[in-house]
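Enquirer: Need a 3D model of the following:
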Amino acid sequence: MFLRSSIASISGFLNLAGLPLRRMGLGQEADRLAKNAGRIALIRETARGDVEEAPLFCGDLKICQPRAVEMIQRGESIVVEGLPVETVTRWCTDFNYRWRFHPSRGRSLKFILEPLHLPTAPGES
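Expert: Take a look at the predicted model:
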């Protein structure tokens, strides 16, 4: 038992010692890509009633924004990531949507955008 425990601790130590090196090499590339990248995912309900995200696009913000607007105009619920808060709030005001923060652990902000269904007055269809 002692031998097994010491091997596990050495393995853990080596992984921990390599963390700064991996982070130094991979972190800068990931940060560079994330600065100009946006992500869009479609929110849909499964047959069991669960909600799932279906990734649709990940790439340049200049391409991501028009695609997100197209989906909003179709009335779909989406998740957007990497977009400025000002852009998200403007879309929600313009297209009668609501937004909320997505519970994620990433560095960039994720938002859930859903159509705002206003109650109709009696007699209206």
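Enquirer: can we go C-alpha only for contacts and neighbour counts from here?
Expert: Fine.
Enquirer: the helices in the chain, which residues?
Expert: In the chain, the helices defined using DSSP state H lie at 2-35, 61-73, 85-95.
Enquirer: can you list contacts of the shortest one?
Expert: Read it as helix 85-95. 69, 72, 73, 97, 98, 99, 111, 113 (Cα atoms under 8 Å, 6 or more residues apart in numbering).
Enquirer: Check those and tell me the two furthest apart.
Expert: Within the contacts of helix 85-95, 73 and 111 form the most distant pair, 16.9 Å apart (Cα to Cα).
Enquirer: quick one, which of those two is more surrounded?
Expert: Neighbours were tallied for residue 73 and for residue 111 using other Cα atoms under 10 Å; the higher tally belongs to residue 111 (23 against 13).
Enquirer: Check the gap between the more buried one and residue 72 for me.
Expert: For residue 111, the distance to residue 72 equals 13 Å [Cα to Cα, to the nearest Å].
Enquirer: hmm, back to that, closest one to residue 46 out of the contacts of helix 85-95, please.
Expert: Taking those together and measuring to residue 46 by Cα to Cα, the closest member is residue 113, at 18.5 Å.
Enquirer: If you average pLDDT over each of the helices of the chain, which is lowest?
Expert: Per-stretch mean pLDDT for these is lowest at helix 2-35 (a mean of 50).
Enquirer: Could you tell me the per-residue confidence at the residue nearest to residue 103 when sequence neighbours are not counted?
Expert: Distances taken as Cα to Cα, 6 or more residues apart in numbering put residue 110 closest to residue 103, at 7.7 Å, once the chain neighbours are dropped. Reading off the confidence values, residue 110 has pLDDT 89.
Enquirer: One more: residue 60?
Expert: Note for residue 60: predicted pLDDT of 88.
Enquirer: show me the contacts for the residue lying closest to it once chain neighbours are set aside.
Expert: Excluding its sequence neighbours, the residue lying closest to residue 60 (Cα to Cα, 6+ apart) is residue 37, at 4.7 Å. Counting by Cα under 8 Å, 6+ apart, residue 37 touches 58, 59, 60, 61, 82.
Enquirer: got those as JSON lines, with distance to residue 104 and neighbour count columns?
Expert: Compiled in JSON lines, those are given as follows (distance: Cα to Cα, whole Å; neighbours: other Cα atoms under 10 Å):
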{"residue": "58", "distance to residue 104": "17", "neighbour count": "16"}
{"residue": "59", "distance to residue 104": "19", "neighbour count": "15"}
{"residue": "60", "distance to residue 104": "21", "neighbour count": "16"}
{"residue": "61", "distance to residue 104": "20", "neighbour count": "17"}
{"residue": "82", "distance to residue 104": "12", "neighbour count": "22"}
